[in-house]
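K.L.:
3D, please:
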Amino acid sequence: MSQTDRLRDLFHAAGNIAVFTGAGISTESGIPDFRSPGGVWTRMSPIYFQDFVADEAMRREAWRRVFSGAAGWVGKKPNAGHYAVARLVERDKAFAVITQNVDNLHQDSGVPEERIIELHGNASYAKCLDCGERHELDDLRPVFVDRGEIPTCRACGGLVKTATISFGQPMPDIPMAHADLASRACDLFLVLGSSLVVTPAANFPVIAKRAGAKLVIVNREATPLDDMADLVVHEEIGPMLTPVVDALT
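P.N.:
This next block holds a predicted model:
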């Protein structure tokens, strides 16, 4: 039996799929990942959360990167993999999309906001670190680009940062709790484009498997959890997933 047939059978048998996505699903949209050769962190060092808070120069550099598009996700569009995931949700096969990505492409592909669990935040808007007020980047652009000022919160004057989880920043309690619940509730845990080396996020497939779910990993490279999986596919996500999802009734 081919891998496509095995994946189709697993999808048909599943009643509650939890989808877990990493950078690999978005590289097919032309967004570089962070850790591979040529990835974002090979071109520029990450700015740690503590440095952002403590150092005005680091805050200025962080905002320069935001508005220069240095990370590579500005203007990118969802690809076939994102749309296949959206169709799984639309057809009530998948009830949750847990993502390590910050590019907003699952929302852009049509997945309802309430079905998405963002473990590392979202780069498409900003939040105040003190009061949590949301700030749209279009509103902050003239502050930084035109006036050269580092954005501050319109509500309380506190530090404003993109709504991503930086190195050294605590993981968000509520999304982590929701991801844990989804991992325990699913009967199929579908990993798409994650190297599964970044913890604690990489623990969720293990939690799902130990709770009795089938585990499927679709990723171009091998992962540390391949031996645990019921099916491993080392292929591009969009071309592999699209015909399988389209065949579901």
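
K.L.:
with adjacent residues omitted, what lies nearest to P200?
P.N.:
Nearest residue to P200 in three dimensions, chain neighbours excluded: M171, at 6.6 Å (Cβ to Cβ, 6 or more residues apart in numbering). Just so you know, the C-beta spots here come from the backbone N, C-alpha and C atoms, and that holds for glycine as well.

K.L.:
could you point out the longest strand in this structure?
P.N.:
The longest strand of the chain (DSSP state E) is strand 121-128.

K.L.:
quick one: distance of that strand to the chain centre.
P.N.:
Averaged C-alpha coordinates place strand 121-128 at 13 Å from its chain's average position (Cα atoms, centre = their mean, to the nearest Å).

K.L.:
count the residues that sit near the closest residue to I237 other than its chain neighbours.
P.N.:
Distances taken as Cβ to Cβ, 6+ apart put G81 closest to I237, at 3.8 Å, once the chain neighbours are dropped. Burial measure for G81: 28 neighbouring residues, criterion other Cβ atoms under 10 Å.

K.L.:
for G81, which residues are in contact?
P.N.:
Contacts for G81 were tallied using Cβ atoms under 8 Å, 6 or more residues apart in numbering; they are 25, 28, 192-193, 237-238, 241-242.

K.L.:
which ones among the residues you listed lie within helices?
P.N.:
Using DSSP state H, 25, 237-238, 241-242 are the members of the contacts of G81 that sit in helices.

K.L.:
got a winner among the residues you listed for most neighbours?
P.N.:
That'd be I25 among the ones in helices among the contacts of G81, by other Cβ under 10 Å, with 33 neighbours.

K.L.:
could you report the separation of that residue from V145?
P.N.:
Using Cβ to Cβ, to the nearest Å, we find I25 at a distance of 30 Å from V145.

K.L.:
and if you look at V111?
P.N.:
Computed as Cβ to Cβ, the V111 to V145 distance reads 31 Å.

K.L.:
L129 too?
P.N.:
Using Cβ to Cβ, L129 is found at 21 Å from V145.

K.L.:
next: D173.
P.N.:
Using Cβ to Cβ, we find D173 at a distance of 34 Å from V145.

K.L.:
check G24 too.
P.N.:
Distance from G24 to V145, counting by Cβ to Cβ: 32 Å.

K.L.:
quick one: least confident helix or strand in the chain?
P.N.:
In the chain, no helix or strand scores lower on mean pLDDT, DSSP states H and E than helix 40-43, which sits at a mean of 56.

K.L.:
any weak-confidence spans in this protein?
P.N.:
33-44, 70-74, 249 (pLDDT under 70).

K.L.:
now do the domain split for it, please.
P.N.:
With automatic domain parsing as the criterion, the domains of the chain are listed as 1-31+78-120+170-249, 41-72+125-164.
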